[in-house]
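Colleague: Compute the structure for the input listed below.
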Amino acid sequence: MSGIDLGNGIVGAILGVVFATLFQQWTQDLWFKARRRSAGVVRSLTYRQEQGRAWDTFSLGPLHTPALIVEGDGDRAIAPESIHVQVLDGEVELPEEMAGWRTEIEAEEARAAEAGDRRPVWNGPRYAVESVEISRTALDEQSEVHLRLRPTDYYTFLAAQQLDRRLADGTTPRGRYLDPDAPLASPAFLQCSFAVNIAVVTADHLLVVSRRSSRVRMAPGLWNSSVNEGLSRHIDSSGRNAPDVHSVARRGMREELSIEPHEYTLSLLAFVLDVEKRHWSAHFYARLTELTGDELQARMSRGVADRWEHDTIEYVPFRSADVTRHLLAPERRHGWAPLAPSLFHLALVHVHGRASVERAEAQVVRRMQRSTRP
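Modeller: Reported below is the predicted structural model:
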């Protein structure tokens, strides 16, 4: 190698070091910016192609439910005076092609009563939901909920629950009368259920979780809210007065847990719809002022009016991570009643705040995902 070549090599090496030192970071920054920009373009294109619906049902990690939170976010309670209930004249009527299904149910229950082989289902008077309309007050933008009900009975409810049964033309009630892109649009005869669901927390910070009895007609054996009470036309409407959802919640607390109104505070958190079964719910949070978990259990051992509705009662520490782990436990994840997970989430938000709850939920989900990776 000549002296000139050696000199050129040394100069080239020096210049290479200089340029690498001066421009390496700039080059890397440029490369990362280009990558981020291209990734952003891809995400933008993907988003435009796969737009989400404004009305999505409640989900938490791998847990997906048909519960649509229509009004309320848990953060701020809905005031009792903001709930306006109107009962319309005239009972719900099933379409002609579904009326025969109710006749079948009535005949089967009459046969069971005559044969004595099982206890027949009582055709109790109840309400169908004509509409739920949401608005805001002019000054402070508080919730205003207008609930319009229509009289019906339990046999009509059972007939209307057959949403996927074939009609004479081969269609189903779900396909004919419901639009998945308009979940609040439904005829009243398909919405013959309105209930209150309550998340009860004891004075020593334990969430009460119940499992429905195998003897109940709807959702037997599923884990559920602390209290679940259906709106009854016979019990909850004295005279011609419209029912009051807070009074229904207090009745449920008394009948299912033997707790009197002076022993807890009660907050209405949300109105929620099970879009699969068309069941409406008013979600409540109740905090016991003095009763601990042990004391509640002892009281229930001395007698509960509706003991037969529950097989099991569990007590879960009312902390975001503990409740989330309880909801997502593999042995329980697919055994929840449709509206219960959204209720417990909203109760956590009401007490601990949305940011704290969602942060804890995300941490639990991430840890569960890491633990299941091969």
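Colleague: For the one helix or strand residue 345 maps to, which outside residues touch it?
Modeller: Using DSSP states H and E, residue 345 maps to helix 340-352. Here helix 340-352 makes contact (C-beta atoms under 8 Å, 6 or more residues apart in numbering) with 58, 60, 63, 65, 67, 69, 72-75, 77, 197-199, 201, 207, 223-225, 267, 269-270, 272, 281, 283, 285, 318-320, 323, 327, 357, 361. Using the backbone N, CA and C atoms, a C-beta is placed for each residue, glycine as well.
Colleague: ok, now stretch 170-186?
Modeller: Residues contacting stretch 170-186 (C-beta under 8 Å, 6+ apart): 53, 55, 68, 70, 98, 132, 160, 162-167, 187, 190, 273, 275, 278.
Colleague: Swap in 6 Å and give it another go.
Modeller: 55, 68, 163, 164, 187, 275 (C-beta atoms under 6 Å, 6 or more residues apart in numbering).
Colleague: In the stretch 1-150 of the chain, mark out all the helices, start to finish.
Modeller: Residue ranges of the helices in the stretch 1-150 of the chain, as given by DSSP state H, counting those that start in this stretch, are 3-49, 96-115.
Colleague: Leaving out chain neighbours, which residue sits closest to residue 134?
Modeller: residue 71 (4.8 Å; C-beta to C-beta, 6 or more residues apart in numbering).
Colleague: For burial, what's the neighbour tally of the one you found?
Modeller: 19 (other C-beta atoms under 10 Å).
Colleague: ok, now how distant is it from residue 331?
Modeller: Using C-beta to C-beta, to the nearest Å, one gets 33 Å for the distance from residue 71 to residue 331.
Colleague: Check residue 163 too.
Modeller: Counting by C-beta to C-beta, the gap from residue 163 to residue 331 is 29 Å.
Colleague: more neighbours, the two?
Modeller: residue 163 (16 against 6).
Colleague: give me every residue that touches the more buried one.
Modeller: 173, 174.
Colleague: Which secondary structure state is assigned to it?
Modeller: coil (DSSP: H, G, I helix; E, B strand; the rest coil).
Colleague: Where do the strands of the stretch 251-374 of the chain begin and end?
Modeller: 264-274, 279-288, 310-317 (DSSP state E, counting those that start in this stretch).
Colleague: and the ones you listed, which one's lowest on average pLDDT?
Modeller: Mean pLDDT per stretch puts strand 310-317 lowest among the strands of the stretch 251-374 of the chain, at a mean of 89.
Colleague: what does that strand contact?
Modeller: Outside strand 310-317, the residues that reach it (C-beta under 6 Å, 6+ apart) are 206, 207, 209, 210, 211, 213, 293, 322, 323, 326.
Colleague: That one pairs with which strands, parallel or anti?
Modeller: Note on strand 310-317: by DSSP bridges, its sheet partners are strand 206-212 (antiparallel).
Colleague: before we move on, the earlier item: list buried residues within the contacts of stretch 170-186.
Modeller: 68, 163, 187, 275 (16 or more other C-beta atoms under 10 Å).
Colleague: Of the residues you listed, just say which sits nearest to residue 252.
Modeller: Comparing the buried ones among the contacts of stretch 170-186 against residue 252 with C-beta to C-beta picks out residue 68 as the nearest, at 22.0 Å.
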